[in-house]
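1. here's a sequence, model it:
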Amino acid sequence: MVFSHKENAKARVGALAAILTLAGALFILTCIAKKAVSPKESLYDQNTPIVANESEAKGQEHDFDASTTVSASSPSQNAPNRNELEDIWEPVLDLGIGDEEIRTAMLRLSHGPLFERVGSQIEKVAGESIKEAIHNLYHVNMFFWPGAGPLNGRYVLEGDSLIPPSADVGGRDTKSILSNRRFLKVYEELSNMPVDEASALVSKELNLSFQQYLSAYSQDPQILSDRLTVSSIEKMLAEDPNQPIVGLGWISETPEESEMTLLGLRFKVLSLVWIAGSLELKATDAAVQEVIREAIRQRDGLYSDRSQSAFYKYQVLSQASLYNRQILVTGLLGTSARSGYLYSQIAQIGLERKKIRSTLFDAVATEYDQLVRFGPMRPDYAKGELYIYCFSAMNDETFDKAISLRSWLR
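-> The predicted structure follows:
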């Protein structure tokens, strides 16, 4: 809710200064008590070694994914958790004051450098035309900050959850995309454009980025690496059965935002497929079909490759390939001329078309920002909201059933 009396905003800021200062002091004391680094450092935990031992994958918790050097990461294990931070800030938040100046004051006090970086992103995106914004979706940085964080992290691997991937794997991509301010701007502006105009723009950019992605994927050194083949891992473990197996790594942040990366191109392709399906842009159907066919080829090729380990297959499939089942099905059914009929059939295979609420691109904080997930902020809907459609999480079996609704794809 936006507080309506703007003329009194400065007075309210002054009245809250003591409360905010106390909250800031309590926040610092909590960090010290937990032996944590500063808030900035906890959200910029750089160069964390991420490893996994495939021989112990069953039923174990492992650190695994990327050895990539990035400038943002998940919070330190010693940092205060979200519940503790909310206990500190709850008295302030419960005042019911929601105007922009109060939000800004609170955020600057606790996470000033992070707030300023978010502000610079918003300013950059606000200055782009729709054509510039949709073209620039290949910029990788905003997919990993301030939202999802880099590819490294802790995951629990149970039983045979590596290959095929568990149903919820695709959720990491959707959170990364929804935290990207540029994606939110593109979605909002396309939803307000004439359908024919929006379809033409999405088709053009999807065809372009898909070809760029295919070229990057075919030449990527991580994908071409033989470091995680079955024989390579057996050799390493024969030398030292207890040694960790270091995962693959892809660039998730670049000094120059416009630098083209495999992950950036991948996310652009998936973003456009998602937009096409959610907005039901029927004229994009042919472009979406090509992406889905390639994703299935990537999946089937990895599954049938006996030389590569399950660890390699999982990482390539979930992080570098186009095989995001939720987004692909959203695009497949939403762009069909018979989408209404197809939606009526999905309940029979255990799927649900969900309506996701999102902030606008220039919100102080989105649902998926680190400041919301790990800190005292709440999603900022003061400027408005978007609704984006996406199918529920699904496994391979359900995905194949959904694909069979348009059986000409296989």
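
2. quick one, strands of this structure?
-> 51-52, 60-63, 154-157, 245-246, 353-359, 385-391 (DSSP state E).

3. and the fifth one, what does it pack onto?
-> On a contact count with 3 or more CB pairs under 8 Å, 6 or more residues apart in numbering; DSSP states H and E, strand 353-359 meets strand 385-391. To be clear about C-beta, it is placed using only N, CA and C from the backbone, and glycine gets the same treatment.

4. what strands line up against the strand it packs on, and which way round?
-> Applying DSSP bridges, strand 385-391 is found paired with strand 353-359 (antiparallel).

5. average pLDDT for stretch 139-149?
-> When pLDDT is averaged along stretch 139-149, the result is 84.

6. where does pLDDT dip in the stretch 1-150 of the chain?
-> 1-112, 148-150 (pLDDT under 70).

7. lowest average confidence across the strands of the chain, which one?
-> strand 60-63 (a mean of 32).

8. what pLDDT does Val316 get?
-> 96.

9. which residues does it contact?
-> Gln222, Ile223, Leu248, Leu302 (CB atoms under 8 Å, 6 or more residues apart in numbering).

10. which parts of stretch 277-294 are buried?
-> By 16 or more other CB atoms under 10 Å, the buried positions in stretch 277-294 come out as 277-282, 284-285, 287-289, 291-292, 294.

11. would you map the helices across the stretch 251-400 of the chain?
-> For the stretch 251-400 of the chain, applying DSSP state H, counting those that start in this stretch gives helices covering 262-278, 285-304, 310-315, 325-334, 339-346, 370-373, 396-404.

12. wait, which of those is closest to Leu137?
-> helix 262-278 (4.1 Å; CB to CB).

13. for the closest one, name the packing helices and strands.
-> So helix 262-278, by 3+ CB pairs under 8 Å, 6+ apart, packs with helix 141-144, helix 171-178, helix 181-191, helix 195-219, helix 285-304, helix 325-334, strand 385-391.

14. make sure Tyr314 is actually in contact with Pro164.
-> No: using CB atoms under 8 Å, Tyr314 is not in contact with Pro164; the gap is 9.1 Å.

15. more neighbours: the two, which one.
-> The neighbour comparison of Tyr314 against Pro164 (other CB atoms under 10 Å) goes to Tyr314, with 27 against 21.

16. excluding chain neighbours, what is closest to the more buried one?
-> The shortest distance from Tyr314 to any non-neighbouring residue, by CB to CB, 6 or more residues apart in numbering, is to Leu162 (4.5 Å).
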